[in-house]
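Pasting a predicted model and its sequence here:
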Amino acid sequence: MLITACDNNLEQFPPIIASSSSLKDFSGVLNGAYYYQLAAVTPMAVMGDFRADNAHMIESPYTEFDQFTPNLKAMDNQFFRPFYSALYKSILSANNVIENSKDAIQVGEAKFVRALSYFKLVLVFGDVPVNLSASPSPSDPSIFERKSASSVYNDVIIPDLNAAIAALGTARVTGRASKYAAQGLLGKVYMHMGNFALAETNLAAVVNGATAAGIILKPSFTTIFGVANEANNTEVIFATKILASVTDEYGFTDFWGWYGGLDTKSLAPLDADLVAAFDAMDTDDSGGKTDLRRAVTINAGKTASPKFPQTGGSDHDWIELRLADVILLYAEALNENGNSTEALVQLNKVHTRAGLTTLTNVVLNTKPLVRQAIYNERRLELAFEGHRWFDLVRTGTVNAEMGQTIDSKYHLFPIPLSEILATNGVITQNDGY
């Protein structure tokens, strides 16, 4: 965060010449808050899939993503530092809008972006510093002290998302927050907190109101991903817009390149365990059908993922939240709250779109069986979208799914060393690093 406060990268994009006290239109500052999300995309994708059992690195020291040791710090400059820095810059821009804009919609969007930023930071690092000021003083060391993840959730993320829900409309505008983006994210936040009752309430609001807002599952899984499918994609609730012509702080291989095996550090990133998971879904399905997501998600011959095609390359948007994700979270919340029957109704919306036979409570006749079916569905539906590791941590299934006992201190990632040094140790390192 000190880097955010002191270096010349604090300049907004687009550039803003006037001081905040003299600005009347904060649309440029809000655009800056959205823009800074770009540099967080690929690090989040790599952490979500390469740390888990969907993908792996083949070249040292990148193989440290699969080695649960302190040596993961070697990835600091490429992944953790740009992720951390970009999100705090996004937060700083959002703070400026929240403090100074008179436009309620702008403030609502800024609160959504701030909540999204802190949510990502908490998922990755756990306890983090909190800055809610547009002009923090770097001479005040207290602003660098890490706050507990629970307090960040309760004092920042949840209030911001509730404010965004109240301020924003349901209409989808590509690349911008909406009421349902905020409510869907809030439902996901509650799932990560283990509050299934409030998660169900918020996720139900999105699922039940989606159609009227023009948010519907695409009939075919094949038409969700790729640049050609981005225009008016009805399944996407919120995505970070990416254009090759707009550069950001992350200057390495983009997420689609990592997934597609286009970087020498991982020319064959596909983990055999994910292939086995697709095989198991085909075998377990009572109709003996092939999961239609397989061809979109994995190329077993190339041992990579074609989910984000090379065509269009750096113009691929990053999907932060789509309806299938929300539906599966809703199904999970329903099941945890004792309504397994309705949970299967929701689960089947996603399962049958994949060309598979309807799941029933004849076979899935207990809460644990329905729970595992939902977990399995999330893995295949959302593979290579940066969710897997964070789902494993959230559901307490890291050891079972990874096939080894992993110390919980490695559920989080290392705080960038530059932040620790710049604050003379006020910002502390995560245990294990």
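Received, thanks.

Can you get me the start-to-end distance on stretch 266-278?
End-to-end distance for stretch 266-278: 21 Å, by CA to CA, to the nearest Å.

Now tell me what touches it from outside.
50, 53-59, 62, 258-259, 261, 291, 293-294, 297-300, 302-305, 376, 379-380, 383 (CB atoms under 8 Å, 6 or more residues apart in numbering). All C-beta spots, glycine's among them, are computed from the backbone N, C-alpha and C.

moving C-terminal of the helix or strand of the chain with the lowest mean pLDDT, what's the next helix or strand?
Using mean pLDDT, DSSP states H and E, helix 2-6 stands out as the lowest-scoring helix or strand of the chain, at a mean of 41. Helices and strands here follow DSSP states H and E; after helix 2-6, the next one along the chain is helix 27-35.

who does that following helix touch, helix- and strand-wise?
helix 81-100, helix 104-125 (3 or more CB pairs under 8 Å, 6 or more residues apart in numbering; DSSP states H and E).

what residues are up against Val173?
No contacts exist for Val173 under CB under 8 Å, 6+ apart.

That one belongs to a helix?
No - membership of Val173 in a helix is not supported by DSSP: H, G, I helix; E, B strand; the rest coil, which gives coil.

do you know how far it is from Ala213?
11 Å (CB to CB, to the nearest Å).

now do Gly396
Gly396 sits 33 Å away from Ala213, taking CB to CB as the criterion.

Find the nearest non-adjacent residue to Phe68, please.
Leaving aside its chain neighbours, Phe68 sits nearest to Tyr410 (4.2 Å; criterion: CB to CB, 6 or more residues apart in numbering).

Is the one you found in contact with Gly432, as I believe?
Yes - the pair Tyr410 and Gly432 qualifies as a contact (CB atoms under 8 Å) at a distance of 5.7 Å.

So which residues of the stretch 301-433 of the chain form strands?
Using DSSP state E, counting those that start in this stretch, the strands of the stretch 301-433 of the chain run over residues 318-322.

same thing with the stretch 101-250 of the chain?
128-129, 146-147, 236-240.

And the last one, how far out from the chain middle?
Looking back up the chat, that one is strand 236-240. How far strand 236-240 lies from its chain's middle: 11 Å, per CA atoms, centre = their mean, to the nearest Å.

Dump stretch 251-262 to CSV, restricted to CA.
Below are the C-alpha coordinates for stretch 251-262, written out as CSV (Å, rounded to 0.1, in the frame of the first residue of the first chain):
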residue,chain,number,x,y,z
GLY,A,251,3.7,-7.3,-18.1
PHE,A,252,4.0,-11.1,-18.3
THR,A,253,2.1,-13.9,-20.0
ASP,A,254,-1.7,-13.3,-19.8
PHE,A,255,-4.1,-15.7,-18.2
TRP,A,256,-5.3,-17.2,-21.5
GLY,A,257,-1.6,-17.8,-22.4
TRP,A,258,-0.9,-19.7,-19.2
TYR,A,259,-4.0,-21.8,-19.6
GLY,A,260,-3.3,-22.5,-23.2
GLY,A,261,0.3,-23.7,-22.7
LEU,A,262,1.8,-20.7,-24.5
